[in-house]
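A.B. asks: A structural model of the following input is requested.
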Amino acid sequence: MKVHFIGIGGIGVSALAQYYLAKGHQVSGSDLVSSEITDLLKRKGVKIYIGPHKKKCLTPDVKQAIYSPAVRKDNPELLEAKKRGIKVQSYPQALGELTKKYFTIAVSGTHGKSTTTAMIALILIRAGFDPTVILGTKLKEFGNSNFRMGGQPRFRVVPRLVPRSSAILVIESDEWNASFLNYWPKIIVLTNIEMEHLDYYKSLNHILKTYKEFISHLPRNGVLVTNGKDKNILNIKNQISKLPRSRTSSLRGKQFKIQKFSSGQDETRKLREILRIPGEHNILNALAALTTARVLKIPDRISFKSLSEYRGAWRRFEIIEADLRGLTRKITIVSDYGHHPTEIKATLKAAREKFPHKKIWCIFQPHQYQRTFYLFKDFVKVFQQSYDKVFINKVIITDIYDVAGREQKNIKKKVNSKKLIKEINRPSVVYLPKEGIINYLKKNLKGREVVIIMGAGDIYKITDN
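C.D. replies: Model (predicted):
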C-alpha cells in the first residue's frame with residue numbers, strides 16, 4: 001500500500017513515515033522546503049516533493065494520506081485526498097492507532113520530552129525490550145534518525161505489567177493542539193507542566209484540564225511516572241481529589257499506579273557523577289527514565305550503564321567544535337532547541353556549569369510571535385538574570401521565526417525582537433538580522449568562545465557555515 005505524508009519534514013511526521021516504510025509500505029511525502037530530515041527520508045527511499053503543495057503530488061496509487069497538524073485545511077493535497085475518498089488521518093490520529101496496538105510508553109510534559117524519551121528508549125534496548133521508538137529529535141544511536149523499528153521483546157526479567165507477547169512502543173507525546181488525547185498508553189511519563197502553546201491553550205487551567213484528560217487514558221493497570229515536586233502537576237492531583245468520586249474513579253490512583261521522581265532522591269548524586277550531558281534539568285530527565293525502568297523491573301545497573309553512555313541528541317545541548325574562518329583558535333558551538341523561557345534559563349545555566357571559565361555568547365531566535373507576545377515578560381526576565389549572573393557575556397537576538405498558520409491576526413504588530421531587546425536593557429544584548437550574524441561573529445570573536453545557537457526555527461542552519 002502507498003501512503004502519502006503531507007508536511008513530511010516535521011519531526012514527528014517523518015518518524016511515522018519511517019515506520020510505514022519499515023512495515024513494507026511505499027511512502028511519498030511533500031513539504032515546502034527541504035531539510036536534513038527530508039534528505040534523510042530521500043536516502044531511505046521516500047519520494048519527496050519539495051515546494052508549494054499541489055494535488056498532483058498525490059499520485060493515483062496513494063491509498064492513505066497522513067498530514068501534519070500544521071497543515072492548513074485548504075491544503076490542495078489534503079482536499080484531493082478527501083475528494084478521492086481515501087483514508088485520511090492527522091499525524092496524531094495515525095499515531096494514536098499504533099498506541100492501541102503496542103504496549104505504549106508516552107513521554108509528555110512542557111520540557112524534557114525528547115531527552116527523556118531517548119533515555120528510556122536506550123535503557124529498554126539494553127535491557128532487551130527491543131522497542132519501536134518515535135522521537136522528536138535525532139539520535140546518533142539510531143543512525144542520526146528520529147525513528148527506530150523494534151521487534152518482540154527478549155526480556156531478561158518479564159515484568160508483570162507487560163504481556164509476554166506485547167511489542168513495545170515509546171513515543172514523545174506532544175501537547176500542542178491537544179494531540180496527545182489521541183494516544184492510549186500503558187505508561188505515561190509526565191516531566192513538568194508550564195504555560196506553553198498559547199496559540200491553542202487559553203489559560204493554565206485549560207492546559208491542566210487537558211493533561212488531566214490525557215492521564216485518564218491510562219488503563220486499570222497503567223502507571224503514571226511523574227515529577228513529584230512540579231507545582232502544576234500537584235495542582236492536577238488537587239483538582240482530582242476535590243471532584244466527586246463518580247467523575248474521578250479513573251483518576252484517584254485506584255485504577256492506575258503513580259510513581260514519583262524528584263531531585264531529592266538518593267540517586268541524584270550518582271547521576272550528577274555519571275551523566276555526560278550538563279544541567280540540573282537533565283538530572284530530572286534521567287530520574288524520570290530511571291523510575292520508568294524500575295516500573296518495568298529493569299535492574300538499576302542496566303539503567304545507570306545506559307544513562308552514563310548517553311551522548312545527547314540533535315539540538316539538545318549538542319556540542320560542536322568549529323573553525324571560524326580567520327581565527328586560529330577554535331570556537332565551541334552549542335546547538336540547542338530551547339525556545340521557552342524555562343528552557344533558555346536551564347540551557348544557559350548548564351553552559352556556565354560546563355564551561356566555567358569561557359566567554360559565552362548566545363544567538364537566540366524567538367519562535368512564534370504569539371509565544372513571544374504572551375511570555376514577553378518571562379523572556380525579558382530570563383535574559384536579564386542570565387546576563388546579570390554572568391551565565392552569558394553576549395546576546396544576539398534575531399527576528400522572530402514566523403510559524404505559518406499558527407499566529408493570531410495582528411499579533412505581529414504587537415511584538416518584535418527589537419522591543420524585546422529594549423526591554424531587556426542590558427549592554428551587549430543586541431539585535432541582528434539573521435543574514436548578518438556570520439559576518440558579525442567573524443569580526444568580533446577572538447577564539448575559544450562558546451557560542452550557543454538557540455531556537456526551534458531555522459537558526460540552527462548557521463552551524464552549517
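
A.B. asks: you'd agree Val189 is up against Val107?
C.D. replies: Yes. Val189 sits in contact with Val107 when judged by C-beta atoms under 8 Å, with a separation of 4.5 Å. Yep, even glycine has a C-beta here, placed from its N, CA and C like the rest.

A.B. asks: what do these two both touch?
C.D. replies: Thr116, Ile120, Ala288 (C-beta atoms under 8 Å, 6 or more residues apart in numbering).

A.B. asks: look through every helix and strand of the chain and give the one with the lowest mean pLDDT.
C.D. replies: Across the helices and strands of the chain, mean confidence by mean pLDDT, DSSP states H and E is lowest for helix 245-248: a mean of 38.

A.B. asks: next SSE after it?
C.D. replies: Taking DSSP states H and E as the definition, the helix or strand that follows helix 245-248 towards the C-terminus is strand 256-261.

A.B. asks: buried stuff in that next one?
C.D. replies: Phe256, Gln259, Phe261 (16 or more other C-beta atoms under 10 Å).

A.B. asks: same question for stretch 429-438.
C.D. replies: Buried residues in stretch 429-438, defined by neighbour count with 16+ other C-beta under 10 Å: Val429, Tyr431, Leu432, Lys434, Ile437.

A.B. asks: out of these, what pair is the most spread apart?
C.D. replies: For the buried residues of stretch 429-438, the maximum inter-member distance is 16.7 Å, found between Val429 and Lys434 (C-beta to C-beta).

A.B. asks: show me the domain layout of the protein.
C.D. replies: Domain assignment of the chain by automatic domain parsing yields the ranges 2-90, 102-309, 318-464.

A.B. asks: what's the closest of these to Gly96?
C.D. replies: Gly96 lies closest, by C-beta to C-beta, to one member of the domains of the chain: domain 102-309, at 3.3 Å.

A.B. asks: ok now that closest one, how far from the chain's centre?
C.D. replies: Domain 102-309 sits 13 Å away from the centroid of its parent chain (C-alpha atoms, centre = their mean, to the nearest Å).

A.B. asks: endpoint to endpoint, it covers what distance?
C.D. replies: Counting by C-alpha to C-alpha, to the nearest Å, the length from the leading to the trailing residue of domain 102-309 is 27 Å.

A.B. asks: tell me the bridge partners for Lys2.
C.D. replies: Beta-bridge pairing for Lys2 (DSSP bridges): Gln26, Val62.

A.B. asks: export stretch 6-24 to PDB, keeping only CA atoms.
C.D. replies: The C-alpha coordinates for stretch 6-24 follow below in PDB (Å, rounded to 0.1, in the frame of the first residue of the first chain):
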ATOM      1  CA  ILE A   6       1.700  15.900   3.800                       C
ATOM      2  CA  GLY A   7       4.200  18.000   5.700                       C
ATOM      3  CA  ILE A   8       6.600  15.100   5.900                       C
ATOM      4  CA  GLY A   9       9.500  17.200   7.100                       C
ATOM      5  CA  GLY A  10       8.000  17.600  10.500                       C
ATOM      6  CA  ILE A  11      10.000  15.800  13.200                       C
ATOM      7  CA  GLY A  12       7.100  13.600  14.300                       C
ATOM      8  CA  VAL A  13       5.500  13.000  10.900                       C
ATOM      9  CA  SER A  14       8.900  12.000   9.400                       C
ATOM     10  CA  ALA A  15       9.400   9.400  12.100                       C
ATOM     11  CA  LEU A  16       5.900   7.900  11.400                       C
ATOM     12  CA  ALA A  17       6.800   7.900   7.700                       C
ATOM     13  CA  GLN A  18       9.800   5.700   8.500                       C
ATOM     14  CA  TYR A  19       7.600   3.400  10.500                       C
ATOM     15  CA  TYR A  20       5.300   2.800   7.500                       C
ATOM     16  CA  LEU A  21       8.400   2.300   5.300                       C
ATOM     17  CA  ALA A  22       9.800  -0.200   7.700                       C
ATOM     18  CA  LYS A  23       6.500  -2.100   7.600                       C
ATOM     19  CA  GLY A  24       6.900  -2.500   3.900                       C
END
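
A.B. asks: in it, which residues are buried?
C.D. replies: So for stretch 6-24, counting by 16+ other C-beta under 10 Å, buried means 6-21.

A.B. asks: circling back: pick the one among the buried residues of stretch 429-438 closest to Val334.
C.D. replies: Out of the buried residues of stretch 429-438, the one with the shortest distance to Val334 is Ile437. That distance is 15.2 Å, counting by C-beta to C-beta.

A.B. asks: pull the contacting residues for that closest one.
C.D. replies: Ile363, Ile396, Thr398, Ile462.

A.B. asks: who wins for neighbours among these?
C.D. replies: Neighbours here are counted as other C-beta atoms under 10 Å. On that basis the top member of the contacts of Ile437 is Ile396, with 24 neighbours.

A.B. asks: inside helices: which ones of the contacts of Ile437?
C.D. replies: Using DSSP state H to define helices, no part of the contacts of Ile437 is located there.

A.B. asks: and which of those is nearest Val133?
C.D. replies: The shortest gap between Val133 and any of the contacts of Ile437 belongs to Ile462, at 28.9 Å (C-beta to C-beta).

A.B. asks: Lys44 contacts Leu21, correct?
C.D. replies: Yes. Using C-beta under 8 Å, Lys44 is in contact with Leu21, at 6.2 Å.

A.B. asks: which residues of the stretch 251-400 of the chain score low on pLDDT?
C.D. replies: Within the stretch 251-400 of the chain, the stretches with pLDDT under 70 are 251-255, 324-328.
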